[in-house]
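Student: Everything below, folded, please.
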Amino acid sequence: MTQTPGALSLPRLCVSSLSGGGGKTLLALGLTRALVHKGISVKPFKKGPDYIDAAWLEMAAQKSVSNLDPYFLSQARLRSLFAHAARAIDQNTLGLIEGNRGLYDGSDVSGSCSTAVLARALDCPVLLSVNCAKMTRTVAALVQGMTNFEPGLNFCGVVLNQVGSQRHTRILRQALEEYTDMPVLGALPCLSGNPLPERHMGIASQSLTNETAEQALETLAVFVREHMDVNAALAAARSAPPLPEPEPFWPAKAENMRSRVRIGYVRDAALWFYYQENLEALDRAGAELIRLSLLDAAPWPEIDGLYLGGGFPEDSARVLSASPRVAELARLADNGLAIYAECGGFMLLSKGIQDGAAFWPMSGVFPVTVRLCNKPQGLGYVDGIIVAKNPYFPVGLTLRGHEFHYSRCEWENQPPEYAMTLSRGTGMGEHSGKDSSMADGLTRQRVWASYTHIFAPALPCWAKNFVNAARTRP
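Tutor: Here you go, the predicted structure:
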């Protein structure tokens, strides 16, 4: 790439597919680790709201991951975030983006907020992963349709996966050469099993940062390197055209920032769903971030606020239920500590977790119980309006977030009063019987708890208000 004045040269590549389950996660992870083996600095990105795939990308790249979501940020802001996150490492870092679902699948029939929208916003070469099981010539028709469906995308090649034999591969390559202009960068044979461990919410969690996870990533790197032209993918990423120099993603820090407040965030095997940008927003707003755990006996330092992210507290319910630190959350709430809890964090603030016949008492900050279910109880984006006073969001604010939970909120007698009504999403259920809308967000003193996850750059008031609530603790 030739650098021009006012332009930004950033190697980049978007891995997408025809659908969810199209092989893009295994390809993105294997390609990322294979590039790392070549000495390439890779900054991983995940399109859309996601913690689990994103965490695996982070392990594969050995660098922090960032999420890019057109539902939360404008195209200009997406470009700013991409440039900020990639350049924070160095000017030669390659940004590798894993899409979500199918390339053109968005939030409506016009494909709003799709991976294609993101790829166009970043003028990013697209590497298409195609599941070829039980197909030959039809794959060419699918690829031709994908490349011609919408204008403005730069396809750099296709990777065939789930190919059954050398003969199958040969026919697929011939069909694509005959009927499309798409170069084939690789043909991945069928695997006997998924090398990544799985659980009910997708591939297993980042808490598997151990030998098993590393072995899986190394296996994928070798697999991709043996069956794909990694150098061709690298060349495609480096051929991405320069981007216009974007506006700074974050406002400049105030030089006369007052003394920092200490905000703890729990990051352990129970709670670990945190967007890097949420933590960075708190840091820039004046927080000194203190990493904590609920699963060990290490004493906590003095803190002014507490951030309880999402995760899988149900997997550690027995330990959490017996933990004096979980029980102490009620005392901290009563004493005016600023506590912000999302999904798994909210579960810790309930009366307890009902898992079949087993009931695991929690802190009881709020008079509700969460019941684990076999199917998702909330999945996708959330649109809400703040209707009750709280320290974090002004009344009347329109809030966008997302949810993904297998538990539901239950209560005795009347539903609790909620702080947010939803026009989209499930949240905690119906709104206090006042109307048929869904609702979310419980608030008490300086505590907020909800199933909704937020992305801080889309809600600039959140970090400032959280820090202010921590600073003005009684």
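Student: isn't residue 217 right up against residue 33?
Tutor: Yes: with contact defined as Cβ atoms under 8 Å, residue 217 reaches residue 33; the gap is 5.0 Å. Any C-beta I mention is one placed from the backbone N, CA and C, and that applies to glycine too.
Student: Settle it for me: which of those two has more neighbours?
Tutor: residue 33 (25 against 22; other Cβ atoms under 10 Å).
Student: Double-check that the more buried one belongs to a helix.
Tutor: Yes: under DSSP: H, G, I helix; E, B strand; the rest coil, residue 33 falls within a helix.
Student: Provide the secondary structure category for the residue nearest to it when sequence neighbours are not counted.
Tutor: Counting by Cβ to Cβ, 6 or more residues apart in numbering, residue 33 lies nearest to residue 221, which is 3.8 Å off, once chain neighbours are set aside. Following three-state DSSP, residue 221 is assigned to helix.
Student: show me what contacts residue 221?
Tutor: Residues in contact with residue 221 (Cβ atoms under 8 Å, 6 or more residues apart in numbering) are 30, 33-34, 36-37.
Student: Now for residue 217 and residue 33: what residues contact both?
Tutor: When contacts are counted by Cβ under 8 Å, 6+ apart, residue 217 and residue 33 are jointly contacted by residue 60.
Student: I'd say residue 122 and residue 243 touch.
Tutor: Yes: contact criterion Cβ under 8 Å: residue 122 and residue 243 qualify, at 7.1 Å.
Student: number of nearby residues for residue 364?
Tutor: Count around residue 364 with other Cβ under 10 Å applied: 17.
Student: just residue 109 next, same as before
Tutor: Neighbour number of residue 109 under other Cβ under 10 Å is 6.
Student: what sits against the spatially most central residue of the chain?
Tutor: The structure's the chain has its C-alpha centroid closest to residue 50; by Cα atoms, centre = their mean the separation is 2.4 Å. Going by Cβ under 8 Å, 6+ apart, residue 50 touches 67, 100.
Student: And for residue 25?
Tutor: Residues in contact with residue 25 (Cβ under 8 Å, 6+ apart) are 53, 56, 98, 196, 203.
Student: Quick one: which of those has the lowest pLDDT value?
Tutor: Lowest pLDDT of the contacts of residue 25: residue 203, 57.
Student: Now the buried members of the contacts of residue 221.
Tutor: 30, 33-34, 36 (16 or more other Cβ atoms under 10 Å).
Student: who does the closest residue to residue 343 other than its chain neighbours bridge with?
Tutor: Excluding the flanking residues, the one nearest residue 343 by Cβ to Cβ, 6+ apart is residue 310, at 3.7 Å. Taking DSSP bridges as the rule, residue 310 bridges to residue 273.
Student: Residue 310 and residue 452: what is the separation?
Tutor: To residue 452, residue 310 is 10 Å away according to Cβ to Cβ, to the nearest Å.
Student: Of these two, which one has the most company?
Tutor: residue 452 (26 against 23).
Student: confidence score at that one?
Tutor: Looking at residue 452, the pLDDT reads 98.
Student: wait, what's in contact with it?
Tutor: By Cβ under 8 Å, 6+ apart, the neighbours of residue 452 are 342-343, 382, 384, 399, 401-403, 420, 425, 427, 440-441.
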